[in-house]
Structure formats: structure tokens, C-alpha cells
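> Predicted model, plus sequence, below.
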Amino acid sequence: MDPVLLLAVMVIAVALVFDFINGFHDAANSVATVVATRVLTPFQAVAWAAFWNFAAAFTFGTGVAKTVGNGMVNLEVVTPYVIMAGLIGAIVWDLLTWWLALPTSSSHALLGGYAGAAMAKVALVKGAMSSPQAIVIEGWMATVAFIVVAPILGMVLAYILMTFIHWLFRRASPAKMDRYFRRLQLLSAAIFSYSHGANDAQKTMGIITGVLVTSGYLTTFEIPIWVIFAAHAAIGLGTLSGGWRIIRTMGSRLTKLKPRGGFSAETAAAVSILFSTELKMPVSTTHVVAGAIAGVGSIQRLKAVRWGLATDIVWAWVLTIPAAAFMGALSLLFLRLFTAKV
């Protein structure tokens, strides 16, 4: 087999493994609330979420994929080895935080790993002081802004929706409200899983297309149809496999949820993510849904949210990009032990 083709196939395989782990790691985002409120069993919930993850392949275009693929890192310094190192860095961070049961962002781990590997590549060629040349500053400014904007947007929308629901059902008993919203949560869980697939799968599409461009198999940055289906299939299968350690953190430890709260959190998070996807912005579904869950909990009283746990989660969010970047850089240096062509 042609060495260039073999390397491209290997990197694409690693990208799809990351996409699978993304679904596995972020399954908690899609199903935590519907499991916590006992609307669905864990297996029913992940199957429902996986179906809607894949269904998103048929809509919403590829704007986020193009932003990730050529709007964050300078493609002139990218090689298949850089992409592989970035993916390895993201995978290591995802598995570590999964083990610690911390709901961090797979999206930001991918972006951080990719950027770290590219910066290491420039440092090897031009020296450490030149490493920032690997970064597209404009793309990163918007991404960093949405680390703050996304969870706040989810929190505010969830708070407003929960307030409206309490007013609308002010004469209904809590038991009657829960009967209604147990059914409605099937809809909100589907919308959220759809939005998760629409935004997160596109990040892997962007990475795979970057491999095809840098390997010379594509002359323009256009996403092939097989890449779209492969990315959505991988994230759907990852979601189907579940991520039970993080589901417990998101679904019950952050705050206690009832069906009406689960509906509000999922709906608010989905609207936030679809809005960002329409803007072609890669956002963290983890950040958005965690903010939405906190917004639902805080409507009762601020003490209903375990802010100590929320603080730990926020610290994990802050560390994700630099930690994944460090691991991406280390991965590139490791690959350089075996080849000088990195």
C-alpha cells in the first residue's frame, strides 16, 4: 500500500476512535437528565440518544467542521502526524477525565490537542518562540469566548423556561406536572441528542477532511459524504456504549432533577447548541448542559445546586484546552522518535 495512503487511513481510524470516545464520554450529556428522572432506563436512554446523534447527519450542513478543520490551526503547518498527535492527546485527556468522572469537554480536548501538536511542530522547525504561528487567532477568540457564553446561555434559558413552566402549571399538583413532563422529556432528550450530534460529529469531520487535504487527496476543504456518515455513525455507537461514571455526576450529584426540570435543562441546552451550530461555532455540549442543569436547580434555591462540585467541574473545563494541548505536543514528540517526517 502507498505509504501516504496508509498513514491517512491510520489517522482517519484514530479520528473515528476519538469520535467514538467522544460519544462514550459525552453520553452523560445526552441521557443524564432522562435517566435521573427515571423516564427511561439507562439502556433505553443511550439507544434513544444514539439514534438522534446519527439522525443529525442529514441536516445542518458542515459549517462547524470547516471552522474546526481550517479555522483554528494554520493548515500550512499541519501534517497527518500533527493530526494524529492531536487526536492522541485528546483521547488521553478524555479517558483520564472519564476515569475521574468529570464531565469535561471532548470538543475542547480535540481543539487543544490539535493546537498543541501544531505548535510543537512549529517549535521543532522554527524554535519555541515561533510556536504561536500555528494558531489562527481569530478562530480561537470566538471559541474561548463561548467557553463562558455557552454555559451561561444554557443556564439562563433553563432558568427562564423553568420559571415559565412553574407559572403555567401554578394550579397543578407536582404529581400531575411530572406525568406531563415524563412524556415531554422523550421529546427534549431527542432534541438535545440531535443537537449533540449536529455539533460534535462535525468536529471529527473537520479533522478527517484536514487529513485528506494535507495528504493531497482533496484539493479544497469540502467534506465528503462518506466522512459525514462515518463521523455520525462513530459518535452514535460511542453514545450507545454509555459513560455511566459521568452520568451519575451530571444526572444526580450536581442537583436533584424532576421530569419538569429535566425537560427544561435538555430543551434549553439543545436551543443553545443549535444556535451555536447555526453560527458555525464549535461549542461544548458538556458546558451547555451542565449550565442548564445548574439553572434548573437554582430556581428552587441557590443551595439546591452543589456549587462545590460545580467548581470542580469548572476547573476541569479551564484545564482541558491547555492539558490536552500539552498531551498533543508530547504525542508529537513521541511520534518523532519513530519518524523525522512529523
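Yep, that arrived.
> And the nearest residue to Ser188 once chain neighbours are set aside, how close does it get to Leu186?
Distances taken as C-beta to C-beta, 6 or more residues apart in numbering put Glu266 closest to Ser188, at 3.8 Å, once the chain neighbours are dropped. From N, CA and C alone the C-beta is placed, and that goes for glycine too. Distance, Glu266 to Leu186, by C-beta to C-beta, to the nearest Å: 10 Å.
> which residues touch Gly210?
Counting by C-beta atoms under 8 Å, 6 or more residues apart in numbering, Gly210 touches 69-70, 75, 78, 83, 221.
> of these, the lowest pLDDT goes to which?
In terms of pLDDT, Asn70 ranks lowest among the contacts of Gly210, with 77.
> Stretch 224-237 - what's its average pLDDT?
Stretch 224-237 shows a mean pLDDT of 93 in the predicted model.
> what do Glu266 and Leu186 both touch?
Common neighbours of Glu266 and Leu186, counting by C-beta under 8 Å, 6+ apart, are Val34.
> Have a look at this protein and report the helix or strand with the lowest mean pLDDT.
When the helices and strands of the chain are scored by mean pLDDT, DSSP states H and E, helix 244-248 comes last with a mean of 49.
> Name the residues of the helix or strand following it that come out as buried.
Downstream of helix 244-248, the next assigned helix or strand under DSSP states H and E is helix 259-278. Residues of helix 259-278 classed as buried: 259-274, 276-277 (neighbour count, 16 or more other C-beta atoms under 10 Å).
> again, but for stretch 63-73
Judged by neighbour count using 16+ other C-beta under 10 Å, the buried positions of stretch 63-73 are 63-73.
> Give me the residues contacting that stretch.
For stretch 63-73, contacts defined as C-beta under 8 Å, 6+ apart pick out 110-111, 114-115, 118, 134-136, 138-140, 143, 199, 202-203, 205-207, 209-210, 213, 221, 223, 277-278, 280-282.
> Pretty sure Gly86 sits against Ala120.
No. Using C-beta atoms under 8 Å, Gly86 is not in contact with Ala120; the gap is 9.6 Å.
> Between those two, which is the more surrounded one?
Taking other C-beta atoms under 10 Å, Gly86 and Ala120 do not tie; Gly86 has more neighbours (36 against 28).
> Which residue, other than its chain neighbours, is closest to the more buried one?
Spatial nearest neighbour of Gly86, excluding adjacent residues (C-beta to C-beta, 6+ apart): Tyr114 at 3.6 Å.
> residues contacting the one you found?
The contact partners of Tyr114, by C-beta under 8 Å, 6+ apart, come to 72-73, 82-83, 86-87, 90, 207, 328.
> okay if I get those as TSV plus secondary structure and distance to Leu153?
As requested, those are exported to TSV (DSSP: H, G, I helix; E, B strand; the rest coil; distance: C-beta to C-beta, whole Å):
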residue	secondary structure	distance to Leu153
Met72	coil	21
Val73	strand	26
Val82	helix	32
Ile83	helix	31
Gly86	helix	28
Leu87	helix	29
Ala90	helix	24
Ile207	helix	26
Gly328	helix	28
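> Most widely separated two among those residues?
Greatest spacing in the contacts of Tyr114, by C-beta to C-beta: Met72 and Leu87 (14.1 Å).
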